[in-house]
Structures are given as C-alpha cells and as structure tokens.
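Novice: no FASTA, just this:
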C-alpha cells in the first residue's frame with residue numbers, strides 16, 4: 001500500500017519459524033554453513049504439472065549463476081537477505097498486485 005518492499009524484519013511477523021532458521025544461519029561458523037551445502041538457489045512451493053496434475057517443487061536461483069555459488073560465512077548475510085526478499089516480495093507479488101488493483105478501485109491512491 002505504501003510502495004515499500006518488505007525486509008527480513010517483516011519476515012519475523014509473517015513466518016516466525018522461517019525467520020528463526022534464517023537468522024540461525026548468520027550465527028553459524030564456516031564449517032557449519034559449509035556442512036549444509038547451500039548455494040544461492042532456493043527450492044520453492046509446488047507447481048502443478050498440467051499434464052499429470054502432479055505437484056513438483058521448483059528451484060530458482062537467487063542471483064544469476066546462483067546454483068554454482070556456495071553459501072559461506074563471508075556471503076551468508078547476502079544469502080539470508082536474498083531469501084527473505086524472495087519470500088516476502090517475489091513469491092506473492094502477483095497476489096499482492098491483484099489485491100492492490102482491487103483496493104485502488106475502491107479507494108484511489110490519491111485519497
């Protein structure tokens with residue numbers, strides 16, 4: 001409504017458990033992070049396969065070439081913020097835009 005993007009702190013209100021796990025990454029040492037085998041990609045939701053009606057997870061890169069960039073102690077903050085951005089601003093963007101269009105039909109933005 002205000003034209004702002006959500007941040008990592010907003011994730012705490014939407015999904016406290018997800019926020020807790022993301023925040024835990026920032027406190028891990030290099031070896032613990034490496035043992036997780038994370039890269040700058042994320043497996044999200046389930047897409048319905050139109051041909052079979054089967055749900056399959058979808059993997060998206062958080063940055064170009066993200067599947068080949070390992071998460072390390074040096075870049076874990078960036079990873080956490082990119083994951084939060086994806087979760088808060090990208091995944092629900094179609095629904096949010098549809099809501100705002102309808103909302104603005106009822107209440108003009110200038111009001």
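Specialist: It's in. The structure displayed is predicted, hence computed values, not measured ones. Residues are numbered from 1 along each chain as shown.
Novice: next SSE after the helix or strand harbouring residue 19?
Specialist: When elements are assigned from DSSP states H and E, residue 19 belongs to helix 16-27. Next in sequence after helix 16-27, counting helices and strands by DSSP H and E, comes helix 30-36.
Novice: would you mark the buried spots in that next one?
Specialist: Across helix 30-36, burial judged by 16 or more other CB atoms under 10 Å covers residue 33. Just so you know, the C-beta spots here come from the backbone N, C-alpha and C atoms, and that holds for glycine as well.
Novice: just the pLDDT at residue 25, thanks.
Specialist: As predicted, residue 25 sits at a pLDDT of 96.
Novice: let me see the contact set for it.
Specialist: Residue 25 sits next to 33, 36, 71, 76, 79-80 when contact means CB atoms under 8 Å, 6 or more residues apart in numbering.
Novice: how about the residues you listed, which pair is most distant?
Specialist: Across the contacts of residue 25, the longest distance by CB to CB is 12.6 Å; it joins 36 and 80.
Novice: this structure: helices as residue ranges?
Specialist: 8-14, 16-27, 30-36, 76-85, 93-106 (DSSP state H).
Novice: any weak-confidence spans in the protein?
Specialist: 1-6, 46-55, 91-104, 109-111 (pLDDT under 70).
Novice: the helix holding residue 19 vs helix 76-85, what angle?
Specialist: 160 degrees (axes from the mean of the first three to the mean of the last three CA atoms, to 10 degrees).
Novice: helix 16-27: which residues count as buried?
Specialist: For helix 16-27, by 16+ other CB under 10 Å, it's 19, 22, 25.
Novice: doesn't residue 14 make contact with the second one?
Specialist: Going back to what we said before, that points to residue 22. No: in this structure, residue 22 is not within contact of residue 14 by CB atoms under 8 Å, at 11.8 Å.
Novice: so who does residue 31 touch?
Specialist: Contacts of residue 31 by CB under 8 Å, 6+ apart: none found.
Novice: now do the contacts for residue 41.
Specialist: If you count contacts by CB under 8 Å, 6+ apart, then residue 41 has 59-62, 66-67 around it.
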